[in-house]
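1. Structure, please.
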Amino acid sequence: MSEALKTELVNFSELTGEAGSARRAELARHVATLFALTSDRCSDEQVDIYDSVLIRLVDMVEQEVRQYVAEQMAGLRRGPEETIRKLAEDSIEVAEPLLKRSTVLRDADLIRIASNTGNAHRFAIAHRDVISEEVSDVLVRRGDLRVKRKVASNTGANLSDASMMTLVGDAAADATLQMSLSDRGDLAEKHIKALVAVASEEVRKKLYAKGRRSEAARLDEAQEIAEQRMSNQYWLGRYDFETARSRVLLLAKRGMVSEATLRRFASEDRFPEAVAAFAWLVRCGVEEVSHWMVRAEPEPFLIIAKASGLSAITVGALLSIGPWRHRLSPEVRTESMKTFERMTVADAKRKMAHWSNVVLN
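-> As a prediction, this is how the structure comes out:
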């Protein structure tokens, strides 16, 4: 559909000039509200139409109206992507709800915004429920003390070794940062030792107290917390698989779903579409596949992929998107790829035969 046809529902020529100001504001609010109410039922084409209309309207309205549009878009699982990206780079008053809550924004968007905007935007990103290592690295590297404090206190922020050590170093001069770090459950022994070396007496006692608990008790507690925070449903609930399934089925009817399609979805970090395409290629249900591709132990996925003849390049790409981007460590990914490459198709098919009536969760 051409751009002209996409936007013909709105006569933009009637909205120009001072006289059209109120009408522009009213229309932007109405379109945003309507989309928020109907987004789950919109086709891809309809979403594109909303996107083409909204992205023009937000350029024509005042900040207060853009704030309203951003707030309407922030909690949606799917939305007008170009409009959301544009508003996420607007003033912080507009961008804040999107940066904090929008799952439409991908890591690449967040990294770009965190790199190119100011600390107010970085502070908003630091509030997200889940933050990948790559995004956290930018926040820690470029953020001010307030941003670093928020990242350190956010249990959903995944921290690389480099970011953790940076925060520990900065904590030497900041008691609040010391306290936030001491409460994290993902401190490695070397991080604890480094933090003890710079911490105030109060924090040092707290860390030593942790160390005196039996190792088994600490592991049991960490495992329980991890299971509560990282259950399959916690991750899967963030994605719209039904829309992705419909989209992939349309492509399949046109003969356009292949391993190359699957790799493209992976390269674009389109996890729901990757799940749906994988399900179609291996002839399994989307719900079943979604549970394979969220597990902290990816072996069932590796077996199905090998039995279905997928390449190592495709499998490696899939191990780095969606929930697995956060749940699998680099070491687990490396070991998984070794397992996949050692496994033969015959081995995989034999293992599948043992699953005949077993549902893998």
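2. Which pLDDT does the model give Ala70?
-> Note for Ala70: predicted pLDDT of 97.
3. Wait, it touches Pro97, no?
-> Yes. In this structure, Ala70 is within contact of Pro97 by Cβ atoms under 8 Å, at 5.5 Å. No exception for glycine: its C-beta is placed from N, CA and C like everyone else's.
4. If you count surrounding residues, which of those two has more?
-> Comparing Ala70 with Pro97 by other Cβ atoms under 10 Å, the one with more neighbours is Ala70, at 25 against 19.
5. Tell me the spacing between the closest residue to Gly309 other than its chain neighbours and Cys284.
-> Of all residues not flanking Gly309 in the chain, Val345 sits nearest, at 6.7 Å (Cβ to Cβ, 6 or more residues apart in numbering). As judged by Cβ to Cβ, to the nearest Å, Val345 and Cys284 stand 17 Å apart.
6. Next: Arg247.
-> Distance from Arg247 to Cys284, by Cβ to Cβ: 18 Å.
7. Between these two, tell me which one has more neighbours.
-> Arg247 (18 against 14).
8. Spell out which helix or strand contains that one, please.
-> Secondary structure from DSSP states H and E places Arg247 in helix 241-253.
9. Quantify the burial of Thr344 by counting its neighbouring residues.
-> Neighbourhood size, Thr344 [other Cβ under 10 Å]: 10.
10. and Gly309, how many residues sit next to it?
-> Neighbour count of Gly309, defined by other Cβ under 10 Å: 11.
11. what helix or strand is it on?
-> Per DSSP H and E, Gly309 falls between elements, in no helix or strand.
12. was I right about it contacting Ala346?
-> No. Counting by Cβ under 8 Å, Gly309 stays clear of Ala346, with 11.9 Å between them.
13. how distant is whichever helix or strand comes after the helix holding Arg247 from the center of its chain?
-> Using DSSP H and E, the next helix or strand after helix 241-253 towards the C-terminus is helix 259-267. Centre-to-centre, helix 259-267 and its host chain are 18 Å apart (Cα atoms, centre = their mean, to the nearest Å).
14. who does the longest helix belonging to the chain touch, helix- and strand-wise?
-> Longest helix of the chain, by residue count under DSSP state H: helix 21-38. Contacts defined by 3 or more Cβ pairs under 8 Å, 6 or more residues apart in numbering; DSSP states H and E place helix 21-38 against helix 44-57, helix 63-74.
15. Show the low-confidence segments of this structure, by residue range.
-> Counting by pLDDT under 70, the ranges of the chain that qualify are 1-20, 202, 204-234, 354-361.
16. one more time with 80, if that's ok
-> Across the chain, the ranges flagged by pLDDT under 80 are 1-21, 185, 188-189, 192-193, 196-235, 237-238, 326, 353-361.
17. tell me the angle the helix holding Arg247 makes with helix 44-57.
-> On the basis of axes from the mean of the first three to the mean of the last three Cα atoms, to 10 degrees, helix 241-253 is oriented at 120 degrees to helix 44-57.
18. tell me the angle of helix 241-253 relative to helix 259-267?
-> Per the same axes, to 10 degrees, the angle that helix 241-253 makes with helix 259-267 is 150 degrees.
19. what sits against Gln70?
-> Small correction: residue 70 is Ala, not Gln. 87-88, 90, 94-98 (Cβ atoms under 8 Å, 6 or more residues apart in numbering).
20. Extract the C-alpha set from the helix holding Arg247 and format it as PDB.
-> The C-alpha coordinates for helix 241-253 follow below in PDB (Å, rounded to 0.1, in the frame of the first residue of the first chain):
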ATOM      1  CA  PHE A 241       2.500 -15.000  19.800                       C
ATOM      2  CA  GLU A 242      -1.000 -15.000  18.300                       C
ATOM      3  CA  THR A 243      -0.300 -12.100  16.000                       C
ATOM      4  CA  ALA A 244       3.100 -13.500  15.100                       C
ATOM      5  CA  ARG A 245       1.500 -16.900  14.300                       C
ATOM      6  CA  SER A 246      -1.100 -15.300  12.000                       C
ATOM      7  CA  ARG A 247       1.700 -13.300  10.200                       C
ATOM      8  CA  VAL A 248       3.900 -16.400   9.700                       C
ATOM      9  CA  LEU A 249       0.900 -18.500   8.400                       C
ATOM     10  CA  LEU A 250       0.200 -15.800   5.800                       C
ATOM     11  CA  LEU A 251       3.900 -16.000   4.700                       C
ATOM     12  CA  ALA A 252       3.700 -19.800   4.700                       C
ATOM     13  CA  LYS A 253       0.700 -19.800   2.400                       C
END
